[in-house]
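Engineer: Pasting the sequence and the predicted model now:
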Amino acid sequence: MRPTFNHTGFSLIEMIIVIAITAIVGSMVAVFLRVPLESYVAQDRRARLTDTADTALRRMARDIRLALPNSVRVTTVGSVVYLEFLGTRSGGRYRAQGNDNLDFTNPAGDGSFDVLGPPIDMQAGDRIAVYNLGIPGADAWAVGTPGDTLAAYTGPTGSVSNIAIASKQFPLASPGNRFQVVDGPVSYVCNPGAGTLTRYWGYAIAAAQPTVFAAATPRALLANRVSVPVGSPCSFDYQPGVTERGGLVSMTLNLSQADETVRLVATTQVSNQP
């Protein structure tokens, strides 16, 4: 005699009812979760934009603080803003009297001088600046003129206590016997059309501020998504005489994504005591 089994299941109508109820419950849950999820995504987006803008402005501020005194300059072409300065790595004091002092009176120039204090770390391609005032007759940007305040370093790399330079008569002596070691020009370019903030370096010093850079020029992208809102998406402003011995660089950067814009403003003091 075969055993009898009772088979149970569900009908098509029951399955449709379950699907309908599940869809209704899911729709109700989605309504309540949509706003918190959108808020979380928006907050995360704003945090990322703020972090990018803050990192870029902090990098700019760190570089600007090391700028050669009186070397900062700003120009604008269309909506693109350019900020340029001569970066320094170190500095010290030169010997003004005695053995191998820096001579400012010899028209033929001086080719070396002793460093007062600890040795200076020098690298190939460095330049020595003395009393750069950023005015005609004492301007580091006046390349190849009598008012040029830069001299090319010609000595060995490494730590040195005597600095050899291409023979030069500097225009003016520093009241504090100071000199700076310049490693080259640096430009920050904010281009709203391309949506980028880019750092350029490793190019030649020129009297006119460059607004076009060769493809081989070293560069680093600091920020993208630079916005193009009504008004100024980015601005650099330099005021050279805010204090007796310093200037002020003001920087504004707007970054946008998904119809949201983050605006950060920062200021950096520039030491203009040569």
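Structural biologist: On my side now, so go ahead. Numbering: from 1, shown residues only.

Engineer: can you give me the strands in the stretch 101-250 of the chain?
Structural biologist: With DSSP state E, counting those that start in this stretch as the criterion, the stretch 101-250 of the chain has strands at 110-116, 120-122, 127-129, 150-152, 158-160, 162-168, 178-191, 196-201, 219-224, 234-239, 246-257.

Engineer: For the third one, the averaged confidence score.
Structural biologist: In other words, strand 127-129. For strand 127-129, mean pLDDT rounds to 97.

Engineer: Please, where are all the helices along the stretch 1-150 of the chain?
Structural biologist: All helices of the stretch 1-150 of the chain, identified by DSSP state H, counting those that start in this stretch, fall at 12-65.

Engineer: Okay, now the unreliable bits of it?
Structural biologist: 1-10, 29-38, 40-42 (pLDDT under 70).

Engineer: Using a markdown table, lay out the strands of the stretch 101-250 of the chain together with mean neighbour count and distance to Gly92.
Structural biologist: Yep, even glycine has a C-beta here, placed from its N, CA and C like the rest. Below are the strands of the stretch 101-250 of the chain laid out as a markdown table (neighbours: other CB atoms under 10 Å; distance: least, CB to CB, whole Å):
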| stretch | mean neighbour count | distance to Gly92 |
| --- | --- | --- |
| strand 110-116 | 17 | 5 |
| strand 120-122 | 19 | 5 |
| strand 127-129 | 24 | 10 |
| strand 150-152 | 21 | 15 |
| strand 158-160 | 12 | 11 |
| strand 162-168 | 18 | 9 |
| strand 178-191 | 22 | 6 |
| strand 196-201 | 19 | 23 |
| strand 219-224 | 16 | 29 |
| strand 234-239 | 18 | 26 |
| strand 246-257 | 20 | 20 |
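
Engineer: how about the ones you listed in TSV, adding distance to Thr88?
Structural biologist: Converted to TSV, those look like this (distance: least, CB to CB, whole Å):
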stretch	distance to Thr88
strand 110-116	15
strand 120-122	12
strand 127-129	8
strand 150-152	11
strand 158-160	17
strand 162-168	14
strand 178-191	5
strand 196-201	13
strand 219-224	19
strand 234-239	17
strand 246-257	15
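
Engineer: Out of those, which is closest to Thr52?
Structural biologist: strand 219-224 (5.2 Å; CB to CB).

Engineer: Could you tell me the angle between that closest one and strand 196-201?
Structural biologist: Comparing the axes of strand 219-224 and strand 196-201 via axes from the mean of the first three to the mean of the last three CA atoms, to 10 degrees yields an angle of 160 degrees.
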